[in-house]
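# Prediction below, plus the sequence it came from.
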Amino acid sequence: MVKNLNNAFILKFIAFIFVSANSLVAYGTIQKPQLFDQQKKDPVILKIDTVRSDLYIAESFTNIYNAISNNKPIPQAATARLMLLLRNGPNSFSELLPIAKWIHTFAFNNSNDILQKNCIQQPELNNDDYAVQKLITISIANYCRYQTKQDFKNINTQKKATLEFKKISRAISESIASGNINNAKKITEVLKKFYNNNNQFIDNSTAWAHFIDIGKTLIKHNRPASDSILHYANTISSSENEPDSIFYMLWAYVYTNRLSQAQTFVNRFNLSSNPEKKSARLAFLVAYMYEKSKNQFLANKIYKQIMNSSPMSYYSAMAISKLTKKGVLSKQDVTTHLITEHNAIPISITENDFSPNFKSAIRRLSAWIRIGNQKILNAELEFVLALSKNEVFSNPDIINNINDKQFTNYLSLQLSELFIKHEDGYLNAFKIISRGIDQDFFSLSRPTLEQLFPTKYLSKIKKITSDLDPTIVLALIRQESAFNNEARSHVGARGLMQLMPSTAKRFKRSIQGNHLKDPNVNLKIGITYLKKLMKMYDGNIVYALAAYNAGENRVDKWATELFSDDTDPLLTIEAIPYLETRNYVKLILRNIFFYNLVSADHNPEKLNLERYYIR
């Protein structure tokens, strides 16, 4: 395959391959001739194309990471192949050689004594902050802890306790569903006692979430029991869950129109002061309580603070929608307030201005994008975004002529454009920009919003339907697939509008799963299905979107057991029991708002989200 290699190197090479010959043959890729540069036949080392080398290294690390993350044996073929690539060719992963050697040794040691020894030893890392080193080291540390007998014992106890807890919780849900509320109350007391006696073995957040769900489910059937359980959930909540506990206790009062008790609760916990320091979710509910109590002045004050402190959130969109509906703000006011001037760098930049280390980091990032390992990709992205301008640029003129905000703005936009070049890259681009906005180094300029809310496929949507607002379809596609027509979920939903083949067959019997990758086919069936749901639920977009995500049967069940006929949609959204569906509905409504904000139409009614769900 490669001529003129000296004998010593050939012997070393054969010995290295022989160590795990069977697994290497099974793996198959290490012997591919296209890996090697046929034009530059160095007598000492194998020359490998950098980009392809990066890709293969990333793939090997992904195989290793997946194994150790799932407490499975590390694949020996992947470690052997990884060592070969790191030692013998140009690549952007040279800093990973120490950890690769350590993993390689770890993978080939099978006895318990050697395994424990390797668990105790740590690899010598060149850079402790290097993303992949950090991630894989943590994973191996977890793997090592899992190997001890004590951990096995604890894990078994935790599993048994958690299973029993969930079994009791399920019995409560079944009693409520059958209308036996008294039995549900009795079993709830059993569940409380069981948790109090076994809380060291049951994850606190899991238990807390179950009690919150039980409290929400009971609210339509027995308010005192619901209040009691929600208050109990607050007593066991961690500091992380406490704000949500307070939210649900207040929500229960507002949901059932007990506004006097809601006001007392707000005063007791001092929830109306400093709303900017509270979660946007809780602050919005407090403002909404004031609005329902006819205190529009305090409501508007808090709505404005939410708009300022959480500009990209669902709650900000809802707050602005309220303010425009009341005539407090015009669309021009909102645009002027939210959309800032683009903070462009006042100097031209070429590829030669970047540092070699930054170029390597971008090549690594490109490899992770192509491999598709989201966890490692996120870790690498965190590493790149944490770089200073001195680490990104080699040109001192650029370093000295841009401020920190311009730099982070520029870096984030460039990274998002890198992702958008890939078919499945919009989602990561959204994450980069949203992260920058949340951390206040990224302004909401028009170029930023246009990247966050692309209008790809808009012309196709308009051709397919004229009686469904195309903004709703765009907002749904953004949330479902991030405009990746090849997207496929873990349950098998496919394409732009993430249709299940079984759902698609209801509208076109001859459809096959692979047909749903075609944007035209996917859009036609998806839009037809969405219109059917809108008609089924009398134009109630909250019900229609919830059904699109969770299924019609579940929404019909929730409407019977949870949703109150006289409760407005904003409170109904918070009653949705599935966190995924609840967030899904919120984010699509948020998307609709921002699509309307960046449109050329200056009609303030465009920003009134109530027109989508109140008939």
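Noted; the coordinates are in hand. Numbers count the residues shown, from 1 in each chain.
# Show me what counts as buried in the helix or strand that contains residue 189.
Counting by DSSP states H and E, the element that carries residue 189 is helix 181-198. For helix 181-198, the buried set under the neighbour-count rule, 16 or more other C-beta atoms under 10 Å, comprises 184, 185, 187, 188, 191, 192, 194, 195, 198. Where you see a C-beta, it was placed from the backbone N, CA and C, and this is true even at glycine.
# Next, the contact list for the closest residue to the fourth one other than its chain neighbours, please.
Right, the one you point to is residue 188. Leaving aside its sequence neighbours, residue 188 sits nearest to residue 172 (C-beta to C-beta, 6 or more residues apart in numbering; 5.7 Å). The contact partners of residue 172, by C-beta atoms under 8 Å, 6 or more residues apart in numbering, come to 184, 187, 188, 191, 214.
# Can you pull out the residues in contact with the helix holding residue 189?
161, 164-165, 168-169, 171-172, 175-176, 202, 207, 210-211, 214, 218, 221-222, 225, 229, 232, 236.
# Separate out the buried members of those residues.
Of the contacts of helix 181-198, these count as buried by 16+ other C-beta under 10 Å: 161, 165, 168-169, 171-172, 175-176, 202, 207, 210-211, 214, 218, 222, 225, 229, 232, 236.
# Which of those residues fall within helices?
161, 165, 168-169, 171-172, 175-176, 207, 210-211, 214, 218, 225, 229, 232, 236 (DSSP state H).
# Distance check, the closest residue to residue 457 other than its chain neighbours against residue 478.
Excluding its sequence neighbours, the residue lying closest to residue 457 (C-beta to C-beta, 6+ apart) is residue 519, at 6.2 Å. For residue 519, the distance to residue 478 equals 14 Å [C-beta to C-beta, to the nearest Å].
# Would you mind telling me which of those two has more residues around it?
residue 478 (25 against 18; other C-beta atoms under 10 Å).
# Contacts for the helix or strand harbouring residue 380 next, please.
Using DSSP H and E, residue 380 falls within helix 374-385. Under the criterion C-beta under 8 Å, 6+ apart, residues 58, 61-62, 65, 69, 129-132, 134-135, 358, 361-362, 364-365, 368-369, 371, 408, 411-412, 415, 428, 431-432, 435 lie in contact with helix 374-385.
# buried set for it?
Quick answer for helix 374-385 (16+ other C-beta under 10 Å): 376, 377, 379, 380, 381, 383, 384, 385.
# if we take the residues you listed, which one ends up nearest to residue 508?
Closest approach between the buried residues of helix 374-385 and residue 508, by C-beta to C-beta: residue 377, at 35.3 Å.
# State whether residue 448 and residue 417 are indeed in contact, as I suppose.
No. Counting by C-beta atoms under 8 Å, residue 448 does not reach residue 417; the two are 11.8 Å apart.
# Which one of these two is surrounded by more residues?
Higher neighbour count among residue 448 and residue 417: residue 448, with 22 against 13, using other C-beta under 10 Å.
# element containing the more buried one, please.
helix 446-452.
# contact partners of the strand or helix carrying residue 543?
According to DSSP H and E, residue 543 maps onto helix 541-550. Identification of contacts with helix 541-550 by C-beta under 8 Å, 6+ apart yields 472, 476, 529-530, 533-534, 536-537, 554-555, 558-559, 569, 572-573, 576, 578, 580-581, 584-585, 588-589, 612-613.
# Drop anything exposed from these.
472, 476, 529-530, 533-534, 537, 554-555, 558-559, 569, 572-573, 576, 581, 584-585, 588-589, 612-613.
# On the three-state scheme, residue 348 is what?
coil (DSSP: H, G, I helix; E, B strand; the rest coil).
# Against residue 390, how distant is it?
Applying C-beta to C-beta to residue 348 and residue 390 gives a distance of 19 Å.
# The two: which is more packed in?
It is residue 390, of residue 348 and residue 390, that has more neighbours when counted by other C-beta under 10 Å, with 11 against 7.
# Relative to residue 104, how far out is the more buried one?
Distance of residue 390 to residue 104, given as C-beta to C-beta: 34 Å.
# again, but for residue 273
With C-beta to C-beta as the criterion, residue 273 and residue 104 are 58 Å apart.
# and what of residue 375?
22 Å.
# from the chain's centre, how far out does the helix holding residue 380 sit?
Taking the mean of its C-alpha atoms, helix 374-385 sits 13 Å from the chain's own mean (C-alpha atoms, centre = their mean, to the nearest Å).
# Nearest residue to the middle of this structure?
In the chain, the residue lying closest to the centroid (C-alpha atoms, centre = their mean) is residue 431, at 8.1 Å.
# tell me which element that residue is part of?
In this structure, residue 431 sits in helix 426-438 according to DSSP H and E.
# One more: residue 133?
helix 131-147.
# How many residues are close by the residue lying closest to residue 93 once chain neighbours are set aside?
Spatial nearest neighbour of residue 93, excluding adjacent residues (C-beta to C-beta, 6+ apart): residue 57 at 4.9 Å. By other C-beta under 10 Å, 25 other residues sit near residue 57.
# Residue 57 is in contact with residue 86, isn't it?
Yes. Residue 57 lies in contact with residue 86 (C-beta under 8 Å); the separation is 6.7 Å.
# Pull up the overlap in contacts between those two.
In the contact map built from C-beta under 8 Å, 6+ apart, the residues linked to both residue 57 and residue 86 are 93, 96.
# Give the closest residue to residue 475 in space, chain neighbours not counted.
residue 591 (3.5 Å).
# element containing the one you found, please.
Using DSSP H and E, residue 591 falls in helix 579-597.
# do residue 240 as well
With DSSP H and E as criterion, residue 240 is part of no helix or strand.
# and the nearest residue to it once chain neighbours are set aside, backbone torsions?
Nearest non-adjacent residue to residue 240, counting by C-beta to C-beta, 6+ apart: residue 205, 7.5 Å away. With angles defined as degrees, to the nearest 10, residue 205 sits at phi -70, psi -40.
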